[in-house]
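Asks: Just a sequence and a predicted model for now, questions to come.
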Number of protein chains: 2
Amino acid sequence: MGAAPVTLGSWPAAATVAPFFNARSVAVIGASADPLKIGGRPVAGLIEAGFEGRILPVNPNYPTVQGLPAYRSIADVPGEVDLAIVSVPTRDVHGAIEACAAKGVRAAVVFSAGFAEVDEAGRQAQDSLVALARHHGMRLMGPNCMGTINVRQRLIASFTYIVSGNWPKPGGVSIVSQSGAFGSYCLGLARDQGIGLNLWATTGNQADVDFTDTLAYALEDPETRVVLAYIEGCGRPQALVGALERARALGKPVVMMKVGASDVGAAAAASHTASLAGADEVYDALFRQYDVHRARSLEEFLSIGYACNLGRFPTTPALGVLTISGGAGVLTADTARREGLDVPELPAPAREELRALVPAGGLRNPVDLTGAALHDFSLWPKSLRILMQQGGCPTAVLFMAHLGRNPVFVERLRPIFEALSAEFSDRVFALAMDAAPEVRRSLEERGMLVYRDPVEATRAIAALVRFGRAFAERGAAGAPPVLPPQPDLPAGPLDERAAKAILAGAGIPMVPDRIARTAEEAAAAAEALGFPVAMKILSPDIAHKTEVGGVALGLASAAAVRDAFARIGASAREKAPGARIEGVIVSPMVGRGTEMILGVHRDPVFGPVVMAGLGGIHVEALGDVSFRVAPFSEAEAMRMLRELRAWPLLEGARGVPPADVEALAAALARLSVFADRHRDRLLGVDVNPFILHPRGRGGVAVDALIQTL
Amino acid sequence: MGAAPVTLGSWPAAATVAPFFNARSVAVIGASADPLKIGGRPVAGLIEAGFEGRILPVNPNYPTVQGLPAYRSIADVPGEVDLAIVSVPTRDVHGAIEACAAKGVRAAVVFSAGFAEVDEAGRQAQDSLVALARHHGMRLMGPNCMGTINVRQRLIASFTYIVSGNWPKPGGVSIVSQSGAFGSYCLGLARDQGIGLNLWATTGNQADVDFTDTLAYALEDPETRVVLAYIEGCGRPQALVGALERARALGKPVVMMKVGASDVGAAAAASHTASLAGADEVYDALFRQYDVHRARSLEEFLSIGYACNLGRFPTTPALGVLTISGGAGVLTADTARREGLDVPELPAPAREELRALVPAGGLRNPVDLTGAALHDFSLWPKSLRILMQQGGCPTAVLFMAHLGRNPVFVERLRPIFEALSAEFSDRVFALAMDAAPEVRRSLEERGMLVYRDPVEATRAIAALVRFGRAFAERGAAGAPPVLPPQPDLPAGPLDERAAKAILAGAGIPMVPDRIARTAEEAAAAAEALGFPVAMKILSPDIAHKTEVGGVALGLASAAAVRDAFARIGASAREKAPGARIEGVIVSPMVGRGTEMILGVHRDPVFGPVVMAGLGGIHVEALGDVSFRVAPFSEAEAMRMLRELRAWPLLEGARGVPPADVEALAAALARLSVFADRHRDRLLGVDVNPFILHPRGRGGVAVDALIQTL
């Protein structure tokens, strides 16, 4: 919290993070002669990878290290040093950083552990390290991190041994991981799957450069097409939001693994609605809000990243399916529908053309080429062209079973796919086949995706289309609403009337009301507002008015109002003896409508989070609520509402007309901007109930509660 | 439909299906000299696999085929023939089967296509083939199928080329697939993953031996530990149910891919509740009912099958997690909780023991061994023992990253796991690591599961535990209730009163009622039943009484009853002019409670399917309903109710006491037995509403509708 908001398109840290990935000279402080030791690994790795810059081992005890001249200290290194790797005992790190600063080094990867991850003394040592670096305008990666790699530049500032002897293929996938071991494991698996890689970073203790800095840098790198990101927690939520917005603006997908679902968020927050949100639900909401694909497994993480590396993000959800097995075709179509894709039926003329090709096959889409396609390979491009051109499908899954295992078949298929790829360079073709690695690689080089499982292929295409639509549809159009200038929140507890006035000032419709301090004032107020009316006790000390008998509804006459005034006052005095009672609020009864609950709670990470749900059982017993991180637009509020399981009730059901969801979305978006404006002091807001009328007739809040820090 | 129910434990077809998997002599009719031709493949396959029985090519044109003596006809073959493979032109199949029958062959695999899959003439030819075979007591697999394999016996009665040159490893996984191409693809992938296989079959047109016969046979085979089954549709639902019950009794898991989600079920059925069920929802319900794991992807299919092949099905959902990466540990724990496993915190003494081993690590479970476990391998067995013995975990995931790629490490790990496997032979250890195939194999031989993805490993363990609990908990205890003898349903439409009487006779509690034909009779009935009462028009021609103004509720006096009688009659005569009106039903008002809807619809495949849901918006607008195939037990009805999203409302919420769900489950189970008894004529039942009272006070149906064919 408290970080300055990120300026989109001009990420200020980018230039300072660059040397971790772009360096012509790399010094290794604590370089070991043993290539298996942590201090020896980067030297060995840089040599082995064929790094074209200068490799500069620093070790006072040896004249050479792994065959390279070694320097007694960094001060002795001739010329400029772009990047230093620090692999020395914990107690020597401070001195090493000082020496680097004196040398004018602007970036250091610190492998050494024993800092904040260990104890309070370690935290202090780490803080002083950061202070030192900042004083000299130097950036630190780590400490206690595994460092960075730039695949194209053959730059490895890491002690991971996973790329040893097997350097990855350059490509568009960048990996940013808080965890070194996990990041290293992903790197190895991605490389083994032949996924083309760009940047890799593990951020360790994140004392200075953190996950978000690195994510933002990786996104700006022109070679990055997609970022695979692994996080456990987030230290600078607003910067993260900024980076995710930037990713969307750049049209670069972020695939995220976030681990550590916990109840910290709920326990730490205090307002009524907070108990409904665990921290993980907030991350989930954030990822939906910013169109991040949240991967739940390592295989999914790599599978979606692999597909994104193609760099094609269609916006039309129409999938063509070609198959040699009817069953696999149906499986693919089932999956497509479950994932939100269409499998459009081919028009009649297209079916007639196909019938001429495969008389015995299925013709509607899925197109079942039957075993005939194992013999006549021209059936593949011919029918695929029909699916693309007449079926309007920008994407296709081709189930080819074991074709990729037969070298003769492969030789005949290769030119076919080469031609197809040239003809349809903006389409996405996923071949579901078992193929030898070299076959897969050669097809991939021709722009094909190759999966074993048609289900996985279909899920990946669905993810590409979701990204494509997000990039196309969202952006500037989805800005949060602009509110009139909002005064600061007053100090101390707020009573209902004050809360309603403040929220009304933020543009959230509130039922009109008047304060009455006597029975006669109440009757007069009711006459003025019009019968029937509702009456509620007004006290800054009473949050739950019903529980103290402080509410009366549907009062239809002056006499009823006078009676109720006396009853409410007596009950409240009895049940809440110490409470300051300021009078009674009189307001007109709101017509029938759908009862909604809107709320804000303060997430310990992301600050104000807005909630919406239907009143009654839906929120209370069934937990059917939807969240978004403030602030957001009306369009985003509509997406939020559609996530409610009870959404069909708002669309109109059982003869009830559709509710005015646009009015509700407007109120939610304004509430989110209000909450963002007051993020420093706002603990929670409950707008309960918000009565939503049928479409075109708006909605109005009947009660509101604001809690401040 | 109409098949005789299966007798458990004595599957009548088993003996006759045996020759497809157990044959000492195999004749190939239409054997080709070309091993790449369909008729040449099985000869080549049997030779290549090293089949130890007699291989008997039949071909009138050659003296030898692929180096073996060939026979002019099957009649010329000396000695007995256990299994014939028929690979001849369509028109010659009938003659080939006749010749086989004359020779006394009891089983034939028919590759030849051109039968029911093509046209009506083909269907007739197929029917006559089956008639011929049955006349001679012979079983047919196919036609238009890819045949069968028994891995241990090296028997291949298939033209699949997928095992050519690469015979699978024998094991406990049997694969039964309706689709040949899909079955063949699975076979190849399973073999490549080193999964131990037993039987394999593709059933093609299923003219005689079908998917269910084959599934049942595979389950009874003692070498089968798990069946991976792929279906598109089911021809003998009751036999399938019998086979699934048998699988549970044998303690053998069935992992099922069912493709082809469609709306056939809903369209074909007619009762009110039917519109809420698509055929796929019924399959889904069936699979939950019989503890089948429904796989949604090919990778999941193989992954769960692989784990089941271990043959260990723990019943305690406690998972231990050991890891060299904190992040991977948290990821595994997150997944475990999402999948219904516990990750129990280790007791304090166990944590102290661990602290002595890994001072810097996480100690609660997940146990983070940190990078220390890359150097000191004894940490793995020591900490695993603590997790097993003190943590009470019968299962564990060990995240070992790339350890499996380092031959030195592997050599040192092997004896450790060998000892662990001997010590904990009933536990399930899944190593999440990247390993070379031979490393994986050697660890698997020591009883370990090896996955790349800790998430996949955890999901597989969760499936094993679900199976374990199903095998342990369900069986005879879960028998459907026994009802008193139920008379046949009367012919013609049934009015409400008849429907209620029939369902009351099946033990479903019904509100008492009386018929009144005059206003005075109505008043007298109300006096006798006690005020307030409800009144409803009684007519076999009026299904929806409210729509014709035929209902009056809460009538508190004789005068109100007389008024309502006149009003109801007039309204019904006006709005349903032709309807036969038999009077008015008078019944006491039922106290407040939870409104439930129970129903039965006729699924085109599985016959009567029972539905339950909460009344009002839950069923109508939100589609929150749960299904089971009739008949089922009360325990099964409880599982069914727990699947409702609205289940928390039945458990008690917002100050409402818990509902009498046991009474509801009893009513559902009885309704299921009733529906099963009348499966031939019953079109649908609606019990709506069923008013459920608080726990211990039962429930009662207020209205009922029975529709018959």
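Replies: Perfect, I can see it now.
Asks: Quick one: name the residues of the stretch 51-200 of chain A near chain B.
Replies: Taking Cβ under 8 Å from any Cβ of the partner chain as the measure of proximity, the stretch 51-200 of chain A contacts chain B at A:118, A:162, A:177-182, A:184-185, A:188-189, A:192. C-beta: built from backbone N, CA, C; applies to glycine.
Asks: any chance of those residues in JSON lines, plus secondary structure, pLDDT and neighbour count?
Replies: As requested, those are exported to JSON lines (DSSP: H, G, I helix; E, B strand; the rest coil; pLDDT from 0 to 100; neighbours: other Cβ atoms under 10 Å in any protein chain shown):
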{"residue": "A:118", "secondary structure": "coil", "pLDDT": "85", "neighbour count": "15"}
{"residue": "A:162", "secondary structure": "coil", "pLDDT": "93", "neighbour count": "24"}
{"residue": "A:177", "secondary structure": "strand", "pLDDT": "96", "neighbour count": "29"}
{"residue": "A:178", "secondary structure": "coil", "pLDDT": "91", "neighbour count": "25"}
{"residue": "A:179", "secondary structure": "coil", "pLDDT": "90", "neighbour count": "26"}
{"residue": "A:180", "secondary structure": "helix", "pLDDT": "92", "neighbour count": "25"}
{"residue": "A:181", "secondary structure": "helix", "pLDDT": "92", "neighbour count": "25"}
{"residue": "A:182", "secondary structure": "helix", "pLDDT": "93", "neighbour count": "30"}
{"residue": "A:184", "secondary structure": "helix", "pLDDT": "95", "neighbour count": "24"}
{"residue": "A:185", "secondary structure": "helix", "pLDDT": "96", "neighbour count": "29"}
{"residue": "A:188", "secondary structure": "helix", "pLDDT": "96", "neighbour count": "21"}
{"residue": "A:189", "secondary structure": "helix", "pLDDT": "96", "neighbour count": "20"}
{"residue": "A:192", "secondary structure": "helix", "pLDDT": "93", "neighbour count": "17"}
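Asks: so which strand or helix has residue A:567?
Replies: Taking DSSP states H and E as the criterion, residue A:567 maps to helix A:558-575.
Asks: same question for the very next helix or strand once past that helix, mean pLDDT?
Replies: Next along the chain after helix A:558-575, taking DSSP H and E as the criterion, comes strand A:583-588. The predicted model gives strand A:583-588 an average pLDDT of 92.
Asks: ok, residues contacting strand A:583-588?
Replies: For strand A:583-588, the surrounding residues in contact (Cβ atoms under 8 Å, 6 or more residues apart in numbering or on different chains) are A:496-497, A:511-517, A:521-522, A:525-526, A:529-530, A:532-538, A:561, A:565, A:568-569, A:702.
Asks: now swap in stretch A:433-442 and tell me
Replies: So stretch A:433-442 is in contact with A:194, A:398-405, A:410, A:414, A:443, A:450-452, B:185, B:188-189, B:192, going by Cβ under 8 Å, 6+ apart.
Asks: try 10 Å this time
Replies: Residues lying outside stretch A:433-442 but in contact with it, judged by Cβ atoms under 10 Å, 6 or more residues apart in numbering or on different chains, are A:169, A:192-194, A:324, A:398-407, A:409-411, A:413-414, A:417-418, A:431, A:443-444, A:448-454, A:457, B:162, B:185, B:188-189, B:192.
Asks: Which positions within it qualify as buried?
Replies: A:433-435, A:439-440, A:442 (16 or more other Cβ atoms under 10 Å in any protein chain shown).
Asks: Now do the end-to-end distance for it.
Replies: From the first residue to the last, stretch A:433-442 extends over 14 Å; the measure is Cα to Cα, to the nearest Å.
Asks: Report all helices and strands that whichever strand or helix holds residue A:337 contacts.
Replies: If you go by DSSP H and E, residue A:337 is part of helix A:326-338. Based on contacts counted as 3 or more Cβ pairs under 10 Å, 6 or more residues apart in numbering or on different chains; DSSP states H and E, the elements that helix A:326-338 packs against are strand A:319-323, strand A:367-368, strand A:395-401, strand A:428-433, helix A:454-473, helix B:180-192, strand B:226-231, strand B:254-258.
Asks: could you dump those to JSON lines with distance to residue B:100?
Replies: As requested, the helices and strands packed on helix A:326-338 are arranged in JSON lines below (distance: least, Cβ to Cβ, whole Å):
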{"stretch": "strand A:319-323", "distance to residue B:100": "34"}
{"stretch": "strand A:367-368", "distance to residue B:100": "32"}
{"stretch": "strand A:395-401", "distance to residue B:100": "31"}
{"stretch": "strand A:428-433", "distance to residue B:100": "37"}
{"stretch": "helix A:454-473", "distance to residue B:100": "38"}
{"stretch": "helix B:180-192", "distance to residue B:100": "22"}
{"stretch": "strand B:226-231", "distance to residue B:100": "28"}
{"stretch": "strand B:254-258", "distance to residue B:100": "32"}
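Asks: which parts of the helix or strand just after the helix holding residue A:337 are buried?
Replies: Once helix A:326-338 ends, the next helix or strand along the chain (criterion: DSSP H and E) is helix A:348-357. Neighbour-count burial for helix A:348-357, with 16+ other Cβ under 10 Å as criterion, is recorded at A:350-351, A:353-354, A:357.
Asks: likewise stretch A:524-541?
Replies: Counting neighbours by 16+ other Cβ under 10 Å, one finds that the buried residues in stretch A:524-541 are A:524-526, A:529, A:533-540.
Asks: As a quick check, tell me the outermost residue of chain A.
Replies: Among residues of chain A, the one most distant from the C-alpha centroid is residue A:559; the distance is 57.0 Å, by Cα atoms, centre = their mean.
Asks: Brilliant, that's me finished.
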